[in-house]
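Enquirer: for reference, the sequence and a predicted model appear below.
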Amino acid sequence: MREGFEGREAISFIIVFPDGIRTIADLQKIWDFTGKVKTSFDNRVASLAEIPNYRDTGERLLDDPHINPVLFTDGHFDLDIWKERVRHDPTVYGLLVGRNFDWAAVMRFLPPGYDEITEFRRTAEFLEGCKIPWWEWLWKTDVFPQDPQIMVGGWCLGRGLIDQGFIVDAITLVVLGTLLALPIFTVAFGSFAHALLGILCVILPSLLWVRGSIGLLEVLGVDVRERVYLVLAYTNCVVQGVSFVLHKFSAFQEGFVSSREEAWRSAQVVDPLIGATAVIAILGFSSLWWFQVLTIRELGLLSALGVSYSYLLAVMVLPAVHLLCGREASSQKKKRKSMLGKLFSALLERLVARCTWLVTHFSFRFTAWVAGGITTALLLVATLLIYPGNLLLTSSRPLEFVEGTLVHKTGLFLNRPQNVGFDFLELLLEPTNDTGSGLYDPDFLKRVWAYQQDLKQLPEVREVSSVLHAIHRIAEESYKKPFPTTAEEVSGAFFLLESRLDTVLTSQLYFPNRLRIAVSHASNDSDAWRILQEQALILAHERYPDLRLSTFGKGALHPRLDTYIIYGKPFNLFSSQWVIIVSCFLLIRRRNRSCGQMCSSLLLSPWRGGLVMSVPFLFATAAMILLMIALQIPLDLATAAITALAINASIDFAIYFVDAFQEGLAKVGETSAALAFALKTKGKIILEDMLLNSLCFAPLLTSHFLPIRRIGWIMGVMLTACAVGTLVFMAALLPCCVVRQKEIA
Amino acid sequence: MKTILLLVLFFSAMLFPKTTSAAPTAQEIIALAQQQLTVPSEFVLGEMKVYRGERLNRRYSFVLGKLWDAPTQTESVRIDFQSAINSSPDSSSLYSDHRYLLKRTAQVLPTQWLYLPALRRVRITPYRPDDPLLQSDYLFYDLTTIHDFSDYRYRFVETNEQTPIIEGEPHTSFVPYQRTLFTLERRGGAYLVTKISYIAGGKEWQVYFSAFTEIAPGRFRPRQMLVTREGGRTEVTFQHWTVSDIPTPRLFTPLIWKPRC
């Protein structure tokens, strides 16, 4: 941002007149509401009752606004004449009053250095006409104006509502996550005490620590904030926590003979696997740090921290607390399964049996070719549909984040045909040759005015506004010409403006040598904003080479975010994938060494195995891309974050499966039997894990934000695809990675 | 008889001495401050710098003239701004002169004229007391200083005779402030206002006057004025004051203003 230029935001209060402005009482309402806004906040307000309506009678220079107290006592007031006058004033018509006179806006420009949450809460209290107690803010997700005719717009309010939604989401997520995890653990362990311990010692502390880390990181100078997508980091804590606790307690129960000390000692056998899963997850999330979108970087950092906390809590704190507080008897309880549990178990076993049949019925070579072929074909089709096909939507819809709220309703209202539009594309114009007299140079102003007129002709543009409308009006009234032609005239026009307008207002409209133009558009799609931005830039480049154009504001930001996601996501996928392959390679090699001491001569090739362990993820990614194309789900910040979470899930499945496969090879020394062994011992657990993880993401379905709700069900589909990828496609390819010991040597 | 005479003397002593050597009231101190500002004609050359935060936002050179017409009790204030045509606030290569003239009689709204060189004519413009003077922290209301003193009812906040603090409660409808605190300083027989604190709309701002010089016998004028407000400040330097006992009404007659060649 240029020095001195303050491209800040405004809060727009919209007074709706369903039957149009019909009486003087309607004008009085606008006048009164403007006064109320000024009294409650400050004088930085623009409305029909505030913006000067310049008129020069030759003797008097009048600048009373269109609505002023004189009207209310004027016995001969004619509303139609008044409307006609407003229609001829481009500074207000269409911008501060609807073209059909069915709404009027009172815009409040925010003061320098404002605190967004404070302003949001002040505005909410102003609209609701009462002081909102602190505890109400814990669940408040919308603003309910006292006067039903009043609506409110502006992203300051939008972000405030997002913040509120986030608080409520975080609380809901913690409560629902705990409520879901508790019965799952109870069924899995057959012990309520173990379930409670798992939640109290791992899941809840990891959530708390992640939240506390935000403050700690801020103290350390790392600027991390609590934003919407942080809900995903919290979800990840629940998912990883559930997984780690499950593995840890399962190992404990398997190793229980006589005492808890012994059982926990023997349960340490599972620690390296949990550690490996944690390390791969941390590496995967860390790779998000190189993403150019701050929100995703924060998500990566906090998710990585969440995984480390879950690991530490599951491996170190859980056994210690259990030894200190647990009862001996409770550990000896056997799992008791209900009828439903038995049915569920039978269903999973049947599914595993189907998978076993699929991968062992035909020859290994044939099955591997089919599995590899399908995965490659899916990936190829997905890639072709994205790149030459351009079929994957890559746009974001900002209003989806405030869906159902007052701001969303205002957005929809303002985006109706004939209305001004909810968002603005902000342009800053300056002369290419900066002579220092730009703003007072009539030629520069004339060029900007012409550019502004051309902008209006662009398709889908609703309103174009700048200070030049006021300059144009002053010139028409006083100089009797459409635009000032001398520097003295321009100076006079600006002098008049500055005599009347607040500094905060003027500093948002222009600055030495630079002018701001706001272009409104009625779309909620970042793609449409990108097109508008490109058209504005092309227009300036082709027909106004003497003007330098910069874009800023929300309208310009979203297309930029899309670009970062489109180019950043493939890069992130490749950068994280090789890390995973190398990690899997090291894991397989380590396991091979321990297995090598056993009798078997067959081993899993670390490189091939490492590559094949990516198959579940690649299969799931391709399937997801096709699903997103089919259902027209855009690749946005939310869906881009899914892959990071899916990598963890898929690698979690693959590690345990491959570990069992290697164990099978070592024990029986035969590929087919090893595969059957792995499917038998880990197939059901993987399916359970998949269902468990999907359930953990289910609370996201209650989110206030559509993109987050979308993640709730997409993750379920993605996890199913990962499980199929592991139990069918990876399992089918694993026999091809088996080599003799000599070959590895 | 002797007793009666003594009693009369005693009561006389009780009644009279207090009134003869009484300290001035708040109203009287303000009247003294107002009096030392009231001269038939005065001019000052100055410079105004407007800051937003720490950044210089606007800079103007100006000439401020005042005329006090005692018979009609009319205060005329003319301010000629040299506003930069060149857009940089630091630049001084090109200027355009714009003038404001305000005439205020008693506690009624002043009449305001504006001269725009580009128009070569004078226009009557609406007077809005709470409008800031050219993006500064100084209001149009503050220009008519002599009459402004009569817009309040006064009471002491601090009765220190050397540096009294007096609170003013406005009784004129168009005063843009809800409460005003004047800090004064006694200089000989005169009182000088050194600080004014304004409160309006829940916000507060201060005006400091400093570096006073005696420009004529018993007439003290500041060389510096600083207006501080939330988010910014306005610095005014008064470079040269002249006081005249011979009024120059022509300079305060808008219809005969001519463009500068």
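Expert: Received, thanks.

Enquirer: got any ranges where chain A has weak pLDDT?
Expert: Scanning chain A for pLDDT under 70 picks out the ranges A:1-8, A:188, A:292, A:326-338, A:340-341, A:434-438, A:595-600, A:742-745.

Enquirer: ranges for the strands of it?
Expert: Per DSSP state E, chain A carries strands over the ranges A:10-16, A:45-46, A:55-56, A:61-62, A:103-109, A:150-153, A:423-431, A:461-465, A:510-511, A:514-521, A:547-552, A:602-604, A:738-740.

Enquirer: so which of the ones you listed gets nearest A:Tyr479?
Expert: Among the strands of chain A, strand A:55-56 comes nearest to A:Tyr479, with 8.9 Å by C-beta to C-beta. For every residue, glycine as well, the C-beta is placed using N, CA and C.

Enquirer: quick one: contacts of that closest one?
Expert: Contact partners of strand A:55-56, identified using C-beta atoms under 8 Å, 6 or more residues apart in numbering or on different chains, comprise A:Leu61, A:Leu62, A:Asp63, A:Glu477, A:Ser478, B:Arg123.

Enquirer: please list the residues of the stretch 151-261 of chain B that sit near chain A.
Expert: Within the stretch 151-261 of chain B, the positions near chain A by C-beta under 8 Å from any C-beta of the partner chain are B:Gly201, B:Gly231, B:Gly232.

Enquirer: and the first one, how many neighbours?
Expert: Pointing back at B:Gly201 there. 15 (other C-beta atoms under 10 Å in any protein chain shown).

Enquirer: any idea of the pLDDT on it?
Expert: pLDDT for B:Gly201: 75.

Enquirer: where does it fall, phi/psi-wise?
Expert: phi 60, psi 40 (degrees, to the nearest 10).

Enquirer: and the second one, by the same measure?
Expert: As for B:Gly231, its main-chain torsions (degrees, to the nearest 10) stand at phi 90, psi 0.

Enquirer: check contacts around it.
Expert: Contacts of B:Gly231 (C-beta under 8 Å, 6+ apart): A:Pro111, A:Pro112, A:Gly113, B:Arg52, B:Gly53.

Enquirer: can you select the buried ones among those for me in ChimeraX?
Expert: Selecting only the buried entries of these in ChimeraX, with 16 or more other C-beta atoms under 10 Å in any protein chain shown as the criterion:
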select /A:111 /B:52
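
Enquirer: of the contacts of B:Gly231, closest to A:Ala170?
Expert: Closest approach between those and A:Ala170, by C-beta to C-beta: A:Gly113, at 27.5 Å.

Enquirer: how about that closest one, what does it touch?
Expert: By C-beta under 8 Å, 6+ apart, A:Gly113 lies in contact with B:Gly231.

Enquirer: gap between it and A:Phe552?
Expert: As judged by C-beta to C-beta, to the nearest Å, A:Gly113 and A:Phe552 stand 18 Å apart.

Enquirer: just to revisit the earlier point, from the residues of the stretch 151-261 of chain B next to chain A, pick the one nearest A:Gly284.
Expert: B:Gly231 (46.0 Å).

Enquirer: count residues in the vicinity of the residue nearest to B:Pro24 when sequence neighbours are not counted, would you?
Expert: Leaving aside its sequence neighbours, B:Pro24 sits nearest to B:Leu32 (C-beta to C-beta, 6 or more residues apart in numbering or on different chains; 7.2 Å). Number of residues near B:Leu32 (other C-beta under 10 Å) recorded here: 16.

Enquirer: pretty sure B:Leu32 contacts B:Leu192?
Expert: No - in this structure, B:Leu32 is not within contact of B:Leu192 by C-beta atoms under 8 Å, at 9.5 Å.

Enquirer: was I right about A:Ala46 contacting A:Val97?
Expert: No - in this structure, A:Ala46 is not within contact of A:Val97 by C-beta under 8 Å, at 11.5 Å.

Enquirer: give me the more crowded residue out of the two.
Expert: In this view A:Ala46 and A:Val97 are compared by other C-beta under 10 Å, and A:Val97 has more residues nearby, 26 against 23.

Enquirer: not counting sequence-adjacent ones, nearest residue to that one?
Expert: A:Ala104 is the one closest to A:Val97 (C-beta to C-beta, 6+ apart), at 4.8 Å.

Enquirer: how close does the one you found sit to chain B?
Expert: 22 Å (C-beta to the nearest C-beta, to the nearest Å).

Enquirer: same question for A:Ala346.
Expert: In terms of C-beta to the nearest C-beta, A:Ala346 sits 71 Å off from chain B.

Enquirer: for A:Val381, same thing?
Expert: The gap separating A:Val381 from chain B is 57 Å, by C-beta to the nearest C-beta.

Enquirer: can you tell me the closest non-neighbouring residue to that residue?
Expert: In this structure, A:Val381 finds its nearest non-sequential neighbour in A:Leu626, 7.0 Å apart by C-beta to C-beta, 6+ apart.

Enquirer: if I look at that neighbour, how far off is chain B?
Expert: Using C-beta to the nearest C-beta, one obtains 54 Å as the distance from A:Leu626 to chain B.

Enquirer: same question for A:Ile282.
Expert: 43 Å.

Enquirer: what's the spacing between that residue and A:Asp689?
Expert: 19 Å.

Enquirer: can you check A:Trp289 too?
Expert: When A:Trp289 is compared with A:Asp689 (using C-beta to C-beta), they lie 27 Å apart.

Enquirer: these two - which one has more neighbours?
Expert: A:Asp689 (24 against 13).

Enquirer: would you mind confirming that that one is in contact with A:His247?
Expert: No - between A:Asp689 and A:His247 there is no contact under C-beta under 8 Å: 9.2 Å.
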